[in-house]
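Trainee: Sequence isn't available, so here's the structure alone:
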């Protein structure tokens, strides 16, 4: 069965740390894990709710779960007919994860006003927000794209994964970066990224 889950930046960070194979354990105050059965419902939550939380970001994940296993969970309608979800007890999430087939994918991303992203922690990204990180990438790509691939890509793989859809959407023309140049840089970043992760797709890379 194809399922969807809207997540914030912090939850997606934890999913990425599993190489996109599992969702993180629930917190003590979160007794239920809620995957949803259709993309429009997941998009609504990510766009209208997650973008208003502290991190100002909402991502829609898509994944496959073995039919025989997932059939044990009865769908629940919450509100309108479109709001259909499964209720997985927190203590069963580990088993649920073991029945995910293939990789969890990010198919949509939304960012609210004031989004800064995950601050950089290492090398040239250290202390920089999502916009500043792209400016670092742009500067390095302009002068030394090979060095970017060797020295930066591995260390910044998490930040690139989380911020790539924001970079695809954000208008950098006011900073002197035309859209054509932005897309060319991002296409190069995507190619370099897949040297490390051939099976983890960046959200919106298909538009490059």
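Mentor: On my side now, so go ahead. Worth saying up front: this structure is predicted, and the values here are computed from it rather than measured. Numbering: from 1, shown residues only.
Trainee: Listing request: residues of the chain with sub-threshold pLDDT.
Mentor: Within the chain, the stretches falling below the threshold (pLDDT under 70) are 79-81, 144-152.
Trainee: Which neighbours in the sheet does the lengthiest strand in the chain have, and how are they oriented?
Mentor: In terms of residue count, the longest strand belonging to the chain (DSSP state E) is strand 100-111. Applying DSSP bridges, strand 100-111 is found paired with strand 57-65 (antiparallel).
Trainee: Can you tell me which helices and strands the next helix or strand after the strand it pairs with packs against?
Mentor: Using DSSP states H and E, the helix or strand that directly follows strand 57-65 along the chain is helix 67-70. On a contact count with 3 or more Cβ pairs under 8 Å, 6 or more residues apart in numbering; DSSP states H and E, helix 67-70 meets no helix or strand. Placement of C-beta: from N, CA and C, glycine included.
Trainee: Give the buried residues for helix 67-70.
Mentor: residue 70 (16 or more other Cβ atoms under 10 Å).
Trainee: Just give me how far it sits from the chain centre.
Mentor: 25 Å (Cα atoms, centre = their mean, to the nearest Å).
Trainee: which one in this protein is furthest away from the centre?
Mentor: For the chain, the largest distance from the centre (Cα atoms, centre = their mean) belongs to residue 143, which lies 28.5 Å off.
Trainee: Roughly how far does that residue sit from residue 4?
Mentor: Between residue 143 and residue 4 the computed distance is 41 Å (Cβ to Cβ, to the nearest Å).
Trainee: now residue 38
Mentor: For residue 38, the distance to residue 4 - Cβ to Cβ - is 7 Å.
Trainee: quick one: which of these two has more around it?
Mentor: Using other Cβ atoms under 10 Å as the criterion, residue 38 and residue 4 rank with residue 4 on top: 23 against 16.
Trainee: which residues in the chain form strands?
Mentor: Using DSSP E, strands in the chain cover 2-7, 32-33, 57-65, 76-77, 84-85, 88-89, 100-111.
Trainee: Can you lay out those as JSON lines showing distance to residue 23?
Mentor: Listed next are the strands of the chain as JSON lines, based on distance: least, Cβ to Cβ, whole Å:
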{"stretch": "strand 2-7", "distance to residue 23": "7"}
{"stretch": "strand 32-33", "distance to residue 23": "7"}
{"stretch": "strand 57-65", "distance to residue 23": "8"}
{"stretch": "strand 76-77", "distance to residue 23": "18"}
{"stretch": "strand 84-85", "distance to residue 23": "14"}
{"stretch": "strand 88-89", "distance to residue 23": "9"}
{"stretch": "strand 100-111", "distance to residue 23": "8"}
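Trainee: who wins for proximity to residue 42 among those strands?
Mentor: Across the strands of the chain, residue 42 has its closest neighbour in strand 2-7 (3.8 Å, Cβ to Cβ).
Trainee: report the angle between the axes of that closest one and strand 57-65?
Mentor: Here strand 2-7 runs at an angle of 150 degrees relative to strand 57-65 (axes from the mean of the first three to the mean of the last three Cα atoms, to 10 degrees).
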